[in-house]
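Peer 1: The sequence isn't on hand, but the structure is:
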């Protein structure tokens, strides 16, 4: 999986690998795809006003919905069974499954 990270927000850190080449404003190659980012390379890119880089990120497996629901049921076992509990559990389930709220 690929992700675009902002250099100004320090989202790109040393050790990440470029998924796409980094080009300057004239289209000249600055850094080839597949290059591992280093602190000095990130500093150099910032000096050249490169705002974003595209890097490879590891795919994180989605948790099993049934297991997450079971865990939430255990956490909320002593709570009332009202609508507030149900709404909170549904939102927590969506969050833990990586779904937008």
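Peer 2: Looks like it arrived, so ask away. In this text the structure is predicted, and so the values were computed from the model without any measurement.

Peer 1: Select the longest helix from the protein.
Peer 2: When the chain is scanned for its longest helix (criterion: DSSP state H), the result is helix 83-96.

Peer 1: Centre of the chain to that helix, how far?
Peer 2: 23 Å (CA atoms, centre = their mean, to the nearest Å).

Peer 1: Which elements pack onto it?
Peer 2: helix 65-75 (3 or more CB pairs under 8 Å, 6 or more residues apart in numbering; DSSP states H and E). (Glycine included, C-beta is placed from N, CA and C.)

Peer 1: With residue 88 as the reference, measure out to the most far-flung residue of the chain relative to its centre.
Peer 2: What lies farthest from the middle of the chain is residue 80; by CA atoms, centre = their mean that is 35.0 Å. Using CB to CB, to the nearest Å, residue 80 is found at 11 Å from residue 88.

Peer 1: Taking helix 65-75 as reference, get the angle to the longest helix of the chain.
Peer 2: 140 degrees (axes from the mean of the first three to the mean of the last three CA atoms, to 10 degrees).

Peer 1: For helix 83-96, which residues meet the burial criterion?
Peer 2: By neighbour count on 16 or more other CB atoms under 10 Å, the buried set for helix 83-96 is 89, 92, 93, 96.
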